[in-house]
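Engineer: quick one: sequence plus predicted model below, questions after.
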Amino acid sequence: MKLAIAADHAGFDYKKELIEWLKSHGHNVIDFGTDSDASCDYPDYAYPATEAVLNNIVRYAILICGTGIGVSITANKMKGIRAADCVTVEMARLARLHNNANVLTFGARLISLELAKEIITTFLNTEFEGGRHKSRVEKIHLLTGR
Ligand code: RB5
């Protein structure tokens, strides 16, 4: 699967590990930075990664910061983006199943790298259920204009 990944300084180490792990599982990963653990501003990296989703360059984006909250807020400002900040595998499953989330976010300061991998695996392998959830998801964009 073609994926975008981005992180700020708090998520940099996880990003590095996860890129190798995703590639070892056959994924094609585009790295939108940051490139070191030097302090930086998460919108600078989250924004271009979400653009890659909106431009159909990648299927999903994975965004990492300290909590996952900053990158999630940034991503959800973009029209057409449905970002879910997940701290459990069940949240990742339901974010895809019910919300058709196209961006996964999490906090490197809150969850282990092993749990992050389980969350990613579940997110990537769960399809949107559609049905009653389809009109709800459509309504998000209709009512908010985003
Ligand atoms: C950086 O210290 C931290 O604020 C950032 O990674 C993120 O958690 C913000 O939501």
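Structural biologist: Structure received.

Engineer: state the mean pLDDT of the helix or strand encompassing Ala75.
Structural biologist: Element membership for Ala75 (DSSP states H and E) is helix 69-76. Mean pLDDT, helix 69-76: 98.

Engineer: with just CA atoms, put it into PDB.
Structural biologist: Extracted C-alpha coordinates of helix 69-76, given in PDB (Å, rounded to 0.1, in the frame of the first residue of the first chain):
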ATOM      1  CA  ILE A  69      -3.500  15.500  19.100                       C
ATOM      2  CA  GLY A  70      -1.700  18.400  17.400                       C
ATOM      3  CA  VAL A  71      -1.300  16.500  14.100                       C
ATOM      4  CA  SER A  72      -4.900  15.300  14.300                       C
ATOM      5  CA  ILE A  73      -6.200  18.800  14.700                       C
ATOM      6  CA  THR A  74      -4.100  20.000  11.800                       C
ATOM      7  CA  ALA A  75      -5.200  17.100   9.500                       C
ATOM      8  CA  ASN A  76      -8.900  17.600  10.300                       C
END
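
Engineer: what sits up against that helix?
Structural biologist: 6-8, 11, 42-43, 45-47, 49-50, 61, 63-65, 81-85, 103, 105, 107, 146 (CB atoms under 8 Å, 6 or more residues apart in numbering). Heads up, the C-betas are built off the backbone N, CA and C, glycines and all.
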